[in-house]
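> Compute the structure for the input listed below.
(2 chains)
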Amino acid sequence: MSEKPTKEKTADLGDLLAEPRVGQLPAVTRGPIPVVQALTVGANQQTPAVGQRVTRLDIRTHVTGSTRYIDDLAFPGMLHVKILRSTQAHARILSIDTTAARAMPGVVATLTGDEIPENSFGSSYQDQPVLAVDRVRHQGDGLVAIAAETEQQASDALAAVKVTYEPLPALFDPLEAIRPDAPKIHRDNNVYASKVIIRGDVEKGFAESDQIFERRYRTQMIEHVPMEPFAAIALWEPDGQLHVYSSNGRITLGRADLARTLQMPMNRIRVTATFIGGNFGGKNEIRTEPILALLAKKTRQPVKATFNREDEFIASTTRHPIIMDYKTGVADDGHLIARSVRLVLDGGAYASWSETTVGKAAILAAGPYRIPNVHVEGHAVYTNKTVTGAMRGFGAPQVAFAYESQMDEIANTLGMDPLAIRLLNGFSEGSISHTGQVLQAVALEETLLTAAKRSGWMEEGT
Amino acid sequence: MHQVEMMVNGQVRRAEVPAETTLLSVLRETWGLTGSKLGCDVGDCGACTVLVDGLSVNACLLLAVQVDGQEVLTIEGMGGFDYLHPIQAAFERLSSIQCGFCAPGIVISAKALIDKNPHPTEQEIREALAGNLCRCTGYTKIIEGIAEACRAPAITDGISVTESGHV
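Predicted structure coming up:
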C-alpha cells in the first residue's frame, strides 16, 4: 500500500486569526489519518499486528466530538417517543386507557401492542412482546408508546395513561422458579434452555477421590451501562421503504426482526447503523424499532426514541446471575479426578440470548483443567426480573469466578501453592476439552508463569 | 418562554426556550452542537461536560437560563478534523478512546484541569476525571494521554491553554 502525498497543515497565527476557532491552542501539525498496512500472515503464524501501535481509524472524529451517534441525528418534523413501562413485576393487564394521554399538549399518536402485526421477538425464542398486551412479566415491559412534538410532552403524557392490573404471584429467585409447584411465567415449564455435558463417570471419579470439595457460588445481575443509551429513529421513504436508524449492534438480525414484527418483506426495510457508544452485548437486539416504524407510519413523520438511563437499566438486557453448585474430587497430590457442576441461570422474564449463554457457561464450567470425569448441567430459568441476555463472555466470567474460587480453596486445603495446582492440572498442547475438542496452541502454562513472574508471585516474602 | 443569550465557542447565540430547558438541550437541539452527549441526565457520567466561564460543569444539570450572559466552551470549540488540540492529539496517538461517547466530556475536563494546572500529577489527573465515566477503556490510556499532552511544546512553551483557550 503506497502512502499518499499529503499537504500538512502547520500552525501559524494567521491561521488562528482567519478561522474563528476560539478556545484552541495553536494547531498541532497533523498528517492524514494513518492507513493500517495490510498484513499477511502465514498458516500457524502469530499475526505481526500483535504488539504494534496503530492509530484507530475512527478516533479523530471521536476526540473532536464530531462522530455522529443516533441521538445526534434529527430529521425535519421529527417526533419524540416515550414508552410507558409496567409498574408490576407480574400481572394480568385488565385495561389500558390512552384517551386522556392523546389529549395532552403536543401528543400526536399513541401505540399499543395490539396494533403490532406480529407482537413478539427474541433471539432464541420469540417469547417477548414488543409492547405487552395481556400480561406483564417484569417491570421493564413496555405498554404504551407516545409520540409527541417534544420529548418533554411525550414524557408528560405517559402519566395520563390509565392502566389497571390484576397482580399475579411473581418469582424473583430462579431456585424457586424451578420447583414443580412454582407459578408459570410463560408456558408449562419455567426452565427454558438446558445444556448437559458428560465425560467419563463422575460418580466413579468421586469414589476414587481422596477429598471432595463442595460449594455454591453466586454472581449478581450486571447491566452493561453503555455510555450511549439506546436510540433509534424510523421514517418512511417516499417510495414506501422503511428506513430505521438504530444503535443496534446487529442490524442484519434487527432487519429480520423488523420484517417479522411488521409482517413486511425484508427488502422493503433498510437499517442504518452509525457508531455505537458502547454495546458490550446490550445492543444486540431490537428494542423500540418496530414501535417507531408503526408510529412513523401513523403520523407520517420521522420519529425518534432515545432511552433515558432508567429505560436502559430496566428495559435492556443484563448479565445472567448464575447460581453455581460445584463438587470436585481430588487426589491428595492435587490432581483433579472428578467435577460436577450445576448451573442455574436467572433468565429473567424473556429468553433473549439465554440459550447461547447457558451453552457457553456449561462448555466452560469445568475450567481449563484436565479432569477425566465431568458432569455439567446448566439451566436457564424464567423469573419476573429484568431480561438477561448477551454480555461479554456469555456466561464465561461467571463460571470462571466459581471454578477459580474452588481451585484456590482446594490448594489452600491441600497446602499447595495456588499456582502449582493450576500448573499441575492445566490444559496443555493436545489436551482434550470437556466437549471433546483437541486443543491446539495452548499457552496456559506460559501465561500463568508470565503472570506469576510479572506480579512478583514467586518472589521471596510475597 | 425565556430569552437566553450566551457566547458559545466565541460566537453569540440566542434562543427562546421553555424554563425547563437544560443547557445541554439548548446546545444540542437548538444550536445543533451535538458534540456534548446525554449519557445519564443526572450529572453522574460527565459526557455532557462543558466549560461555563472557564469552570467545568455538567450541561445536563444546568438550565439554559442559568447560563444566560455567560461564556460557554464545548468540544466543538476545541479543534477540528485537521486541527487538533494537544489533548486530542495525544488521545489519538495513544488510542485513548474507544467508542468515543465519553471523549467530548473528557477532553473538556482535561482542558479545565490544564488551564489551571499545566503540569498535573497523575493523581491530579485522576481527580480531574472523577466526574467522567468511561465504560470501554479502563481510563489508563486517557490518563496517559493527558499526561502526554501536558508535555507537548505548545503547553510547556507557555502558549498555554489559559491564554488562548478562553472564549
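
> tell me the centre residue of chain B?
Nearest residue to the geometric centre of chain B (C-alpha atoms, centre = their mean): residue B:108, 2.2 Å.

> Just confirm it contacts residue B:77, I think it does.
No. Residue B:108 is beyond contact range of residue B:77, at 9.3 Å (criterion: C-beta atoms under 8 Å). All C-beta atoms are positioned from the backbone trio N, CA, C, and that covers glycine.

> State the pLDDT value of the residue of the stretch 101-250 of chain A found nearest chain B.
Of all residues in the stretch 101-250 of chain A, residue A:227 sits closest to chain B, at 3.9 Å by C-beta to the nearest C-beta. For residue A:227, the pLDDT comes out at 98.

> from the chain's centre, how far out does stretch A:147-166 sit?
28 Å (C-alpha atoms, centre = their mean, to the nearest Å).

> buried ones in it?
By 16 or more other C-beta atoms under 10 Å in any protein chain shown, the buried positions in stretch A:147-166 come out as A:147-154, A:156-158, A:160-161, A:163, A:165.

> same for chain B: which of these are within range?
On the criterion C-beta under 8 Å from any C-beta of the partner chain, residue A:152 are the entries of these that sit beside chain B.

> got the residue ranges for the strands in the stretch 151-300 of chain A?
With DSSP state E, counting those that start in this stretch as the criterion, the stretch 151-300 of chain A has strands at A:162-167, A:191-199, A:211-218, A:222-223, A:231-236, A:242-246, A:269-272.

> could those be laid out in JSON lines, adding mean pLDDT?
Compiled in JSON lines, the strands of the stretch 151-300 of chain A are given as follows (pLDDT from 0 to 100):
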{"stretch": "strand A:162-167", "mean pLDDT": "98"}
{"stretch": "strand A:191-199", "mean pLDDT": "97"}
{"stretch": "strand A:211-218", "mean pLDDT": "98"}
{"stretch": "strand A:222-223", "mean pLDDT": "97"}
{"stretch": "strand A:231-236", "mean pLDDT": "98"}
{"stretch": "strand A:242-246", "mean pLDDT": "98"}
{"stretch": "strand A:269-272", "mean pLDDT": "97"}
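
> Please name whichever of those is nearest to residue B:119.
strand A:222-223 (38.3 Å; C-beta to C-beta).

> which strands and helices sit next to that closest one?
Using 3 or more C-beta pairs under 8 Å, 6 or more residues apart in numbering or on different chains; DSSP states H and E, the elements in contact with strand A:222-223 are strand A:318-319.

> What is the neighbour count of residue 70?
No chain specified, so I'll use chain A. 25 (other C-beta atoms under 10 Å in any protein chain shown).

> meant chain B, my bad for not saying
Residue B:70: 19 surrounding residues under other C-beta under 10 Å.

> Leaving out sequence neighbours, find the closest residue to the residue of the stretch 101-250 of chain A closest to chain B.
residue B:101 (3.9 Å; C-beta to C-beta, 6 or more residues apart in numbering or on different chains).

> just checking, the one you found touches residue A:247?
No. Residue B:101 is beyond contact range of residue A:247, at 10.2 Å (criterion: C-beta under 8 Å).

> sorry, back to before: next, work out how far apart the residue of the stretch 101-250 of chain A closest to chain B and residue B:99 are.
7 Å (C-beta to C-beta, to the nearest Å).

> Could you look up the SS state of the residue nearest to residue A:227?
coil (DSSP: H, G, I helix; E, B strand; the rest coil).

> in stretch A:100-107, what counts as buried?
Buried residues in stretch A:100-107 (16+ other C-beta under 10 Å): A:101, A:104, A:106, A:107.

> near chain B too, which of the residues you listed?
Of these, not one also sits near chain B (C-beta under 8 Å from any C-beta).

> In helices only, show me the residues you listed.
Counted as lying in helices by DSSP state H, out of those, are residue A:101.

> Looking at the buried residues of stretch A:100-107, which two lie furthest apart in space?
Across the buried residues of stretch A:100-107 (C-beta to C-beta), the longest gap, 11.1 Å, separates A:101 and A:106.

> Need the overlap of contacts for these two.
Any residue near both residue A:101 and residue A:106 by C-beta atoms under 8 Å, 6 or more residues apart in numbering or on different chains counts here, and that gives residue A:157.

> Can you flag which of the buried residues of stretch A:100-107 belong to strands?
residue A:107 (DSSP state E).

> Name the member of the buried residues of stretch A:100-107 with the shortest distance to residue B:44.
Of those, the one sitting nearest to residue B:44 (C-beta to C-beta) turns out to be residue A:106, at 28.6 Å.

> tell me the helices in the stretch 51-200 of chain A, going along the chain?
Assigned by DSSP state H, counting those that start in this stretch, the helices in the stretch 51-200 of chain A fall at A:59-63, A:99-102, A:151-158, A:174-177.

> oh, I was asking about chain B
B:23-25, B:86-94, B:103-116, B:122-128, B:140-150, B:153-156, B:161-164.

> Counting by contacts, list what the top strand by length along chain A packs against.
Counting residues, the longest strand found in chain A (DSSP E) is strand A:336-346. Helices and strands touching strand A:336-346, by 3+ C-beta pairs under 8 Å, 6+ apart, are helix A:174-177, helix A:202-208, strand A:322-330, helix A:354-364, strand A:373-381, helix A:396-414.

> Give me the sheet partners of the fifth one and which way each runs.
Strand pairing for strand A:373-381, determined by DSSP bridges: strand A:191-199 (antiparallel), strand A:336-346 (parallel).

> most tightly surrounded among those?
strand A:336-346 (a mean of 25; mean count of other C-beta atoms under 10 Å in any protein chain shown).

> on that earlier part again, between the helices and strands packed on strand A:336-346, which one is nearest to residue A:431?
strand A:373-381 (13.0 Å).

> so what are the domain limits for chain B?
B:2-76, B:86-157 (automatic domain parsing).

> Can you add mean pLDDT and distance to residue A:190 and give these back as CSV?
As requested, these are exported to CSV (pLDDT from 0 to 100; distance: least, C-beta to C-beta, whole Å):
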stretch, mean pLDDT, distance to residue A:190
domain B:2-76, 97, 34
domain B:86-157, 93, 32
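
> Based on its surroundings, how many neighbours for whichever residue of the stretch 301-450 of chain A sits closest to chain B?
Of all residues in the stretch 301-450 of chain A, residue A:309 sits closest to chain B, at 4.6 Å by C-beta to the nearest C-beta. By other C-beta under 10 Å, the residues close to residue A:309 number 17.

> residues in contact with the closest residue to it other than its chain neighbours?
Nearest residue to residue A:309, sequence neighbours excluded (C-beta to C-beta, 6+ apart): residue B:40, at 4.6 Å. Shown in contact with residue B:40 (C-beta under 8 Å, 6+ apart): A:309, B:47, B:60.

> Output those in CSV; the columns should cover distance to residue A:196.
Shown next, in CSV, are these (distance: C-beta to C-beta, whole Å):
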residue, distance to residue A:196
A:309, 39
B:47, 45
B:60, 49
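
> Give me the distance between the two termini of stretch B:32-47.
16 Å (C-alpha to C-alpha, to the nearest Å).
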